[in-house]
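1. Here's my sequence, what's the structure:
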Amino acid sequence: MKQLHISLSGLFALILIVFLSSCSRINPQQEKADLTELLDEFLTNVDDPDMHNRLWAEDLIYTGSAGTRHGKDVIMDGMMDSESDTAESAGPAYSFDNLQVKIFGNTAALTFRLIAESPSESGVDTSYYLNSGFFEKRNGLWKAVVWQATRMAESSED
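-> Numbering: from 1, shown residues only. The predicted structure is shown next:
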């Protein structure tokens, strides 16, 4: 019994060393920069199905500003439908500000204000959304597993 206890203690110590070693290799500043770059690339290429496939995890839970909840499959189906549309109207251009990124090992939380600028007859209509995303690093790539988009109240300050 004592032999088993020593073996289990040794195994536990080895697992702890491996875990602490992998945690110490995380560079939070680099991970924040990578996620900021990913968000910027996504919003710049929001009409690209490959970009959506890159960003969203297969098991994504997405809650949209209209109050609907769905997964990656619905987003990708919508991308395929929009590709076949022959409408020539320009969609909104997206950017963000007030980004906050918090790294928790191989997971991260993002919050930001999404800015949507749509062409209109009077120039440009601007809408704002408060977005939150929860990411997990999978096979070396950050993937959004939870996303929440809420239309920002006109009198609200971020």
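
2. so residue 94 makes contact with residue 47?
-> No: look at residue 94 against residue 47 with C-beta atoms under 8 Å: they stay out of range, at 10.1 Å. No exception for glycine: its C-beta is placed from N, CA and C like everyone else's.

3. Looking at those two, which one has more neighbours?
-> Taking neighbours as other C-beta atoms under 10 Å, residue 94 and residue 47 compare with residue 94 leading, 17 against 11.

4. Retrieve the pLDDT associated with the more buried one.
-> Among the per-residue scores, residue 94 shows a pLDDT of 97.

5. which phi and psi does it have?
-> Comment: the main-chain dihedrals of residue 94 come out as phi -110, psi 150, following degrees, to the nearest 10.

6. and the lengthiest strand in the chain, which residues are buried?
-> Of all the elements of type strand in the chain, the one with the most residues (DSSP state E) is strand 123-138. Along strand 123-138, the positions that meet the burial threshold by neighbour count (16 or more other C-beta atoms under 10 Å) are 128, 129, 130, 131, 133, 134, 135, 136, 137.

7. so what strands line up beside that strand?
-> Next to strand 123-138 in the sheet, as set by DSSP bridges, lie strand 107-120 (antiparallel), strand 141-151 (antiparallel).

8. From the rest of the structure, what touches the longest one?
-> Counting by C-beta atoms under 8 Å, 6 or more residues apart in numbering, strand 107-120 makes contact with 31-32, 35, 39, 43, 90-102, 124-137, 142, 149, 152, 158, all of which sit outside it.

9. same deal with the last one?
-> Outside of strand 141-151, the residues that reach it under the criterion C-beta under 8 Å, 6+ apart are 31, 34-35, 38, 54-57, 59-65, 108, 114, 127-137.

10. how about 6 Å then?
-> With contact meaning C-beta atoms under 6 Å, 6 or more residues apart in numbering, strand 141-151 is reached by 35, 38, 55-57, 61-65, 129-136.
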